[in-house]
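J.: I would like to see how this sequence folds:
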Amino acid sequence: MNEKQPSKLNTAIGSFVFGGTVGLIGQILFTIYRTLGIPKAYELPAVILTVALMGGVLAILGIFEKFEQKFGMGAMMGMPGLAAGIAEGIAAARSNGASTGEAIKAGLAGPGKIFGVGIFVAIVLSAVKLFMM
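T.: A predicted model of the protein is given here:
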């Protein structure tokens, strides 16, 4: 039970490398989708959807939790971490006997609070900037 925790420096470097890897995967997906002839307006949504899907699938398979343990916030932030958090919340609720609707509601509860606060802060800052011009 005495698992050695990675040092803060190793976690920071790992977070940076993980985020860079996600960015590289996104760029590769852009190139693939452009080569396949997907219209330019749909490239970004396709990449975001694909990266989110990858995070959700890795969470369901139990792999993403290992990334979170090793790379800390670098793995949790961003689209794969968001999708993994939602998928893990839904899976946990379903394993506790919740209905599909209740499980989806539970899965969205945590990220919903985070985005709710983030959206509120963005609106306030935007309003302040608008009225200070």
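J.: now stretch 21-35: buried residues?
T.: Residues of stretch 21-35 classed as buried by neighbour count (16 or more other Cβ atoms under 10 Å): 22, 26, 29, 33. Glycine gets a C-beta too; all of them are placed from N, C-alpha and C.
J.: of those residues, closest to residue 69?
T.: When the buried residues of stretch 21-35 are ranked by distance to residue 69 (Cβ to Cβ), residue 22 comes first, at 16.8 Å.
J.: residues contacting the closest one?
T.: 51, 78-80 (Cβ atoms under 8 Å, 6 or more residues apart in numbering).
J.: in three-state terms, label it for me.
T.: helix (DSSP: H, G, I helix; E, B strand; the rest coil).
J.: what's the nearest residue to residue 78 if we skip its chain neighbours?
T.: Nearest residue to residue 78, sequence neighbours excluded (Cβ to Cβ, 6 or more residues apart in numbering): residue 22, at 6.0 Å.
J.: on that earlier part again, most surrounded residue in the contacts of residue 22?
T.: Most neighbours among the contacts of residue 22, by other Cβ atoms under 10 Å: residue 80, with 25 neighbours.
J.: any idea how far it is from residue 67?
T.: Residue 80 sits 8 Å away from residue 67, going by Cβ to Cβ, to the nearest Å.
J.: identify the contacts common to the two.
T.: Counting by Cβ under 8 Å, 6+ apart, the shared contacts of residue 80 and residue 67 are residue 58.
J.: residues near residue 64, how many?
T.: Neighbour number of residue 64 under other Cβ under 10 Å is 24.
J.: let me fix that, I meant to ask about residue 49.
T.: Residue 49: 14 neighbours (other Cβ under 10 Å).
J.: quick check: which element contains it?
T.: Assigned by DSSP states H and E, residue 49 belongs to helix 40-60.
J.: ok, residues contacting that helix?
T.: So helix 40-60 is contacted by 22, 25-26, 29-30, 33-34, 38, 64-65, 67, 79-88, 91 (Cβ under 8 Å, 6+ apart).
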